[in-house]
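Participant: What would the 3D arrangement of this be:
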Amino acid sequence: MADMPCDTLLAIDIGGTKILGALVDGRTVYDSVQIATPGSGDPRVWIEELLEKGMAWQGCFGRVGAAVTGIVQAGKWSALNPKTLTIPPDYPLVETLSELTGKPALAANDAQAAAWGEYLFGAGKGTQACVFLTLSTGIGGGVIVNGRLLEGMAGHFGQFRGDVADDTPLESGATGRWMAEAAREAGYDLDARGVFEAAGKGAAWADAIIALSAKRIATLCANIQLGLAPQKIIIGGSIGLAPGFIERMGRLLEDLPPLQRPTLVPARLGGQAGIVGIADLAASAGKRTINQREDGYE
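Facilitator: Residues are numbered from 1 along each chain as shown. As a prediction, the model looks like this:
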């Protein structure tokens, strides 16, 4: 690692199922470590475990950025959907990162960071307006308009409701955890991956679960197209990139008028979108404000 550029960053992506850490410079990822995300607990412990596994990173980065599921405001992290991840409210994430690494830190929503990564280096490159949707344990998203990443609550599509009186978010009836729950109701103790595998072997009950998920998310994509008119909707995540899932959604959208029909494309950066995106945001922290606080400044 001695040959790495001096402006290398440590990027951390904390999702509902895994925590990924890597040294990043631009689009290049030099080293990575991954651990499982506990369903709840103290994020400090998780970060300490990741840093312990990445001992070789010491002295190799000048800044740190963290992309996390949920909301980050003024450097503090809160969960949106406890079914995806439970953490203490207003957790001082930026402060904890700086304390543990001894470096300036920045944090942002993971799907927004991934949207920025895909826009700069992946499937959104060359566009001026695109939306990123990650379909995995839950649903995350990010929005680029006129080459600018929208901040704050923008892109939290998984929290959409079908009815004002219904307090169940869309992601609780369309993605990973819901698929596992639906499988159990059908008498099968399987996770989302198992549901896809069962469908691939011809199990009608599994195909029905996937079909309903695809229908609900395709409807979401149609509504996004009407509301934001992106040039592309970039689909990522383990469910979004499962074989045939994007194509299934596309068939459901075929009858829409051309101007209302979204262009669905697979994400190109895979699991690296978030760390590449947050690394660029952290590197540009002095030039760009993304609703975070760094080193005591707004």
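
Participant: In the chain, where is pLDDT below threshold?
Facilitator: 1-7, 83-84, 162-166, 286-298 (pLDDT under 70).

Participant: Break down this structure into its helices, ranges please.
Facilitator: Using DSSP state H, the helices found in the chain span residues 43-53, 93-101, 110-121, 176-185, 192-200, 204-228, 237-240, 245-252, 273-283.

Participant: Columns distance to Arg27 and mean neighbour count on top of those helices, output as CSV?
Facilitator: C-beta here means a position set from N, CA and C on the backbone, and glycine is covered the same way. CSV is the format used below for the helices of the chain (distance: least, CB to CB, whole Å; neighbours: other CB atoms under 10 Å):
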stretch, distance to Arg27, mean neighbour count
helix 43-53, 22, 16
helix 93-101, 23, 20
helix 110-121, 5, 29
helix 176-185, 28, 19
helix 192-200, 28, 19
helix 204-228, 26, 18
helix 237-240, 20, 23
helix 245-252, 23, 17
helix 273-283, 6, 29
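
Participant: can you put those helices in JSON lines and add distance to Val131?
Facilitator: Formatted as JSON lines, the helices of the chain follow (distance: least, CB to CB, whole Å):
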{"stretch": "helix 43-53", "distance to Val131": "28"}
{"stretch": "helix 93-101", "distance to Val131": "25"}
{"stretch": "helix 110-121", "distance to Val131": "7"}
{"stretch": "helix 176-185", "distance to Val131": "20"}
{"stretch": "helix 192-200", "distance to Val131": "22"}
{"stretch": "helix 204-228", "distance to Val131": "6"}
{"stretch": "helix 237-240", "distance to Val131": "12"}
{"stretch": "helix 245-252", "distance to Val131": "14"}
{"stretch": "helix 273-283", "distance to Val131": "13"}
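
Participant: Go through the ones you listed and name the closest to Leu85.
Facilitator: Of all those, helix 43-53 sits nearest to Leu85, with 9.5 Å by CB to CB.

Participant: spatially speaking, which residue is in the middle of the chain?
Facilitator: A centroid search over the chain (CA atoms, centre = their mean) returns Ala111, at 3.2 Å, as the residue closest to the centre.

Participant: Not counting sequence-adjacent ones, nearest residue to it?
Facilitator: Once flanking residues are discounted, Ala111 sits nearest to Gly140: 2.9 Å by CB to CB, 6 or more residues apart in numbering.

Participant: Show me how this protein divides into domains.
Facilitator: Per the record, the chain has its domains at 9-113+272-283, 125-267, by automatic domain parsing.

Participant: out of those domains, nearest to Tyr119?
Facilitator: For Tyr119, the closest of the domains of the chain is domain 125-267, at 4.8 Å, according to CB to CB.

Participant: which parts of stretch 13-31 are buried?
Facilitator: By neighbour count on 16 or more other CB atoms under 10 Å, the buried set for stretch 13-31 is 13-17, 19-25, 29-31.
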